[in-house]
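**Student:** no letters, just coordinates:
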């Protein structure tokens, strides 16, 4: 079968030139299947694993369509023509950088807006006129309420990380924003995970969409080597230090459940002589960007983050991700570990699980249809409570073909009773 190249996708010379400079010659499967449909002005519901190039799958054809419209009209229509909504500031900045890279020869103007910083610079750029707006919902709603942004000329709407944009945290703002857009528009939804109830909601906002699903929904990349460490809650921190000193030899992104927890981990790591910084919602945008840049440049060895870094953030060549706390939403696990093993490069994802997190682990393994291999030999495994030791032995791979482990304990009858979530 002949390989598809970007030059076979009916893209104009300025965009092909920019893609070549980025080192792109052949599209990924999500790009190859989505771009032709988008160029035909069709709505898209796209789902593919993290790290497979979903941003380029919508950014490239949007730039192509707007470039064509610009060249076809002697007097181009003013106003914002494409709106990309995304859940986090970091992801918004990254998407804008992609538009800048792919569209550098098109003459199209783009802007990113988000909260946590002064709106003055953003408002001044809006007044000068832009073609493409990348925004987080909160700041966009704020500027709309001040009548500082006009969306009546929008031709294309993108929800990136669509499942997150349509959950209870964002869906009300998203619906309000959509009421201000023209009814006749092209709508594109992209995500790595899409729960059935979110799919139903998405379908109410799309018109006869083409559904592009490259891999099973909510699957994890085969390039990621996953493992689980059963550990007492109080032993998580010494286990993390042990791994950083003996096993994890490179930069690592560590996920914590709370902002306070992230700061506490950083304090302990720095006290142990391990260079670490935190990134979470209580940090200023300047501090968050500085921490991310320090990590990308390897000035900081460990970046401890809450789930604001779980979606879409692309850290090139990141070898390790550690879930210090398992997420209480199974889909978030897929996004977290997807920060490694991107673009076909291998990665390692390690997760800690204490007694109270066993229910979260069961949800994750049910969603991904995978049993995560258990590391049952580490310095802190003996500190587990008796019933958690059973969990290690039950979830570990069987030692014999018949599935029986010689000398293993039989769990008590009430072992599978639900664990109260914290």
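**Tutor:** Nice, I can see it. Only a predicted model underlies this, so the values are computations on that prediction, with no experimental measurement involved.

**Student:** how about the spatially most central residue of the chain, secondary structure?
**Tutor:** For the chain, the residue nearest the mean C-alpha position is residue 311 (1.8 Å; Cα atoms, centre = their mean). With DSSP: H, G, I helix; E, B strand; the rest coil as the basis, residue 311 sits in coil.

**Student:** for it, give its distance to residue 93.
**Tutor:** Residue 311 sits 13 Å away from residue 93, going by Cβ to Cβ, to the nearest Å. Heads up, the C-betas are built off the backbone N, CA and C, glycines and all.

**Student:** pull up the overlap in contacts between the two.
**Tutor:** By Cβ atoms under 8 Å, 6 or more residues apart in numbering, residue 311 and residue 93 have no common neighbours.

**Student:** my guess is residue 351 contacts residue 230, does it?
**Tutor:** No. Using Cβ atoms under 8 Å as the test, residue 351 is too far from residue 230 to be in contact (9.9 Å).

**Student:** tell me which other helices or strands the helix or strand harbouring residue 188 touches.
**Tutor:** Assessed by DSSP states H and E, residue 188 sits inside strand 186-191. When contacts are defined as 3 or more Cβ pairs under 8 Å, 6 or more residues apart in numbering; DSSP states H and E, strand 186-191 sits against strand 44-47, helix 54-72, strand 156-160, helix 162-165.

**Student:** tell me how far that strand is from the chain's mean position?
**Tutor:** The chain centre lies 15 Å from the centre of strand 186-191; the measure is Cα atoms, centre = their mean, to the nearest Å.

**Student:** which residues of the stretch 301-422 of the chain fall in strands?
**Tutor:** For the stretch 301-422 of the chain, the strands defined by DSSP state E, counting those that start in this stretch cover 302-305, 320-323, 347-353.

**Student:** just for the chain, where's the confidence low?
**Tutor:** 1-2, 74-75, 168, 215-221, 312, 343-344, 382-422 (pLDDT under 70).

**Student:** if you set the cut-off to 50 instead, what comes out?
**Tutor:** 1, 382-422 (pLDDT under 50).

**Student:** just to revisit the earlier point, let me have the helices and strands packed on strand 186-191 in TSV, extended by mean neighbour count.
**Tutor:** Formatted as TSV, the helices and strands packed on strand 186-191 follow (neighbours: other Cβ atoms under 10 Å):
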stretch	mean neighbour count
strand 44-47	24
helix 54-72	21
strand 156-160	24
helix 162-165	26
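
**Student:** would you turn the ones you listed into JSON lines with distance to residue 234?
**Tutor:** Below are the helices and strands packed on strand 186-191 laid out as JSON lines (distance: least, Cβ to Cβ, whole Å):
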{"stretch": "strand 44-47", "distance to residue 234": "39"}
{"stretch": "helix 54-72", "distance to residue 234": "39"}
{"stretch": "strand 156-160", "distance to residue 234": "39"}
{"stretch": "helix 162-165", "distance to residue 234": "32"}
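
**Student:** what sits up against stretch 279-289?
**Tutor:** 89-90, 93, 114, 116-117, 259, 262-263, 291-292, 303-306, 308-309.
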